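Asks: Sequence plus predicted model, see below.
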Amino acid sequence: MGGIGAGFRYPNTVNVKNPASYSSVDTLTFIADLGFALQNGNYNENGVSVNARNAYIDHLNMQFRILPKVGMTVGFMPFSNVGYEFAKTQPVRRDEDGEITTTISNSGTGSVRQFLAGLGWRPTKWLSIGANASYLSGDITHMISNTYSSSEVQSRQKTYNTEMSALKYDFGVQGTISKGERSLVLGATFAPAQKLKSETYVTDVHSVSDTVNIADAFSMPALMSAGFTYKWEKGMIGADVSYQSWSSASFFGEKYGSDRISASVGYMHIPDEMNRNLFKRTGYQMGARFSQSYFNIDGSKGPMEFGVSAGFSMPFNTAYNSMSYLHVSGEFVRVQPMVKGMITENYIRINIGVTFMERWFMKLMVD
């Protein structure tokens, strides 16, 4: 549904984007939610195109009720992934032995993982509040090398190796107005800005090797979002808008970012939840999203990102006391540069998820 989350509140669905939604979990239900993603990326620059394929775990979440009106979620998901490699060769000079060229190579590897635990509480019939606490951990390496076609010219290599661990907090609120089969949910979230605990080692290898240690060189910007969903008997629509103050965030102690605004819309249709026909009980979703870049390039805005998605959630029974869902969706994303000469990126993603819902806390009565 385009990635909406601030106002998304649907029974027995895990929505980590707004922890206030956790209080909607059924009293008797335990939920396990697992998702995978398959991605094909196409990168185009000045008529040269290349494809890259990868697969990864999108999330693993569990949700359950711990107290009356209080739901809890614990989970794991990637927070950030880095994987790139590109190079450019250009002439430097020509002498009696021929032309000397230089090759500038850039590469990056690593990831940051997020371990999450959160609570959602519904103090009144129409109001819910919640909070997430996440532990971020990982390491990322960026490397720049400059080599020459002549062995008489010494090459140079610079490596940035960062080890990171930090606590991150998110807060959310949702208000629900219901009338019969119809309901309107208004939601908002806030994540405060904070420094990330990290150790960065910058190694510069030229004539000699020199390593500099930079402590706590990164920070996360504040994130605010607001949205709504409107639900009726056979469907739901919703929209989100978010703002993130990247201009105040630091990267290796410097500020290069640009404030980012994102927006998304989504729609879901369920023909008949109580029908015995499987396809009429299936939920069909579609969505679209847009976001500005969070970095600048020589004083100009970075690339814009556009995405559209569609998919379905099909229910199936695994036992007499359980109801589970298979989620399949496809997404097309285009990253359009605003500066001439940059790489245009196109992604096709297939997301596959399974939600297991078990009636763990049901008491059976025998007559």
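Replies: Thanks, I have the structure now. Residues are numbered from 1 along each chain as shown.
Asks: Phi, psi for residue 19 please.
Replies: For residue 19, the backbone dihedrals (degrees, to the nearest 10) come out as phi -60, psi -20.
Asks: Please report how far residue 256 lies from residue 280.
Replies: From residue 256 across to residue 280, the span is 52 Å (C-beta to C-beta, to the nearest Å). In this view, the C-beta of every residue, glycine as well, is placed from N, C-alpha and C.
Asks: which stretches of this structure form helices?
Replies: 278-281 (DSSP state H).
Asks: Find the nearest non-adjacent residue to the residue nearest the centre of it, please.
Replies: Nearest residue to the geometric centre of the chain (C-alpha atoms, centre = their mean): residue 79, 6.5 Å. Nearest residue to residue 79, sequence neighbours excluded (C-beta to C-beta, 6 or more residues apart in numbering): residue 114, at 4.0 Å.
Asks: before we move on, the earlier item: ok, now how distant is the residue nearest to the centre of the chain from residue 333?
Replies: Residue 79 is 18 Å from residue 333, by C-beta to C-beta.
Asks: so what's the residue nearest to residue 79 up against?
Replies: Shown in contact with residue 114 (C-beta atoms under 8 Å, 6 or more residues apart in numbering): 76-79, 134-136, 168.
Asks: what about it, distance to residue 160?
Replies: 22 Å.
Asks: For residue 121, which residues count as its bridge partners?
Replies: residue 70, residue 129 (DSSP bridges).
Asks: Might you report the residue contacts of it?
Replies: 23, 69-70, 128-130.
Asks: Same question for residue 182.
Replies: Each residue near residue 182 by C-beta under 8 Å, 6+ apart is listed here: 230-233.
Asks: most neighbours, which of those?
Replies: The member of the contacts of residue 182 that has the most neighbours, counting by other C-beta atoms under 10 Å, is residue 231 with 20 neighbours.
Asks: Do I have it right that it meets residue 179?
Replies: No. In this structure, residue 231 is not within contact of residue 179 by C-beta atoms under 8 Å, at 11.1 Å.
Asks: ok, back up a step: kindly reformat the contacts of residue 114 as TSV containing distance to residue 314.
Replies: Below are those laid out as TSV (distance: C-beta to C-beta, whole Å):
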residue	distance to residue 314
76	25
77	23
78	26
79	29
134	31
135	34
136	34
168	34
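Asks: among the residues you listed, which are in strands?
Replies: 76-79, 134-136, 168 (DSSP state E).
Asks: Tell me how many other residues surround the residue lying closest to residue 76 once chain neighbours are set aside.
Replies: Distances taken as C-beta to C-beta, 6+ apart put residue 60 closest to residue 76, at 4.8 Å, once the chain neighbours are dropped. Burial measure for residue 60: 14 neighbouring residues, criterion other C-beta under 10 Å.
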